[in-house]
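Colleague: Need a 3D model of the sequence below.
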Amino acid sequence: MKHIANILTDKNFPKEDLYNIINDINDIEIGIPTLIIGWEYTKNLFPNANILDWEINRNIFWTFGKREKNQRYVETLEEFKTLAVKRFIKSIEYRFVNILTKSDGIDNLKTLLDLGYNFNVFINNDILYINCCGNNIVYGYSLRDIEYGGGNKKELFSTIYSNKDINFINVKDLSPELKLLFNNCLYVIPCLY
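Modeller: Here you go, the predicted structure:
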């Protein structure tokens, strides 16, 4: 699973799939927000950090450790996770493809899936979400429109399941926390894998 943020700490921290939990600044994944836990640890890494401002720069934040100020630690950790989720959602471009306005829309979708170059596919509420090659674009296709336009859902699913280059993400495999976190934006799910 792709990480949406880094959490840098010199203490034990529970593993979470969405976060890159690290204890060395050299292991930071570039381009995603980073939270440093512990004021002393933060001061060692960023001597100019301000104790009154949790934002060191646009992508690096800090919070007190549990033993320093537990209440502030809990609050800031939740704020940071919310920020990371919002930034991740904002980084994804969603494009709904209306195949009913294109005479060759169904054929183009089938050709696309036949090629299957490292696609992640996710289906939710009769919408087929496709992410290609790990970029930040997700294409959405209405399965109802496909049937209405003369397409066959069974053939489409057969194409998806038979292509080894297509990673099908089953909604049943998603944790309740993940569903809750991305509640109204489940189209981003293919970008996480």
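Colleague: residues of the longest helix that the chain contains that come out buried?
Modeller: The longest helix of the chain (DSSP state H) is helix 70-91. Buried residues in helix 70-91, counted by 16 or more other Cβ atoms under 10 Å: Y73, T76, L77, F80, K81, L83, A84, V85, F88, I89. C-beta: built from backbone N, CA, C; applies to glycine.
Colleague: One more: stretch 131-140?
Modeller: Judged by neighbour count using 16+ other Cβ under 10 Å, the buried positions of stretch 131-140 are N131, C132, V138, Y139, G140.
Colleague: Do you have the helices of this protein handy? List them.
Modeller: Under the criterion DSSP H, the chain carries helices at the ranges 39-45, 70-91, 105-115, 143-148, 153-162, 176-181.
Colleague: contact partners of the longest helix of the chain?
Modeller: With contacts defined as Cβ atoms under 8 Å, 6 or more residues apart in numbering, helix 70-91 is touched by 4-5, 18-19, 32-33, 35, 37, 54, 61, 63-66, 136, 181-182, 185, 188, 191.
Colleague: so of those residues, which ones are in strands?
Modeller: Using DSSP state E to define strands, the subset of the contacts of helix 70-91 located there is A5, Y19, L35, I37, F61, T63.
Colleague: sorry, back to before: just name the closest of the buried residues of stretch 131-140 to V97, please.
Modeller: When the buried residues of stretch 131-140 are compared for distance to V97 (Cβ to Cβ), Y139 comes out closest, at 5.5 Å.
Colleague: so what's the closest one closest to, chain neighbours aside?
Modeller: With sequence-adjacent residues excluded and distances taken as Cβ to Cβ, 6 or more residues apart in numbering, Y139 is closest to I130, at 4.7 Å.
Colleague: wait, doesn't the one you found sit right on I123?
Modeller: No: applying Cβ atoms under 8 Å, one finds I130 not in contact with I123, separated by 9.9 Å.
Colleague: more neighbours, the two?
Modeller: Each of I130 and I123 had its neighbours counted (other Cβ atoms under 10 Å), and the higher figure belongs to I130 (24 against 20).
Colleague: buried sites along stretch 30-37?
Modeller: Applying a neighbour-count criterion of 16+ other Cβ under 10 Å, the buried positions in stretch 30-37 are I32, P33, T34, L35, I36, I37.
Colleague: residues touching C185, list them.
Modeller: For C185, the set of contacting residues under the criterion of Cβ under 8 Å, 6+ apart consists of I89, I92.
Colleague: Can you check the pLDDT for it?
Modeller: Per-residue pLDDT puts C185 at 93.
Colleague: L128 versus that one, what's the distance?
Modeller: Distance from C185 to L128, counting by Cβ to Cβ, to the nearest Å: 16 Å.
Colleague: Bridged to the residue nearest to Y139, which residues?
Modeller: Beta bridges link I130 to V121, Y139, judged by DSSP bridges.
Colleague: contacting residues around T63?
Modeller: Neighbours of T63 in contact, by Cβ under 8 Å, 6+ apart: L35, I36, I37, W54, R72, Y73, T76, L77, F80.
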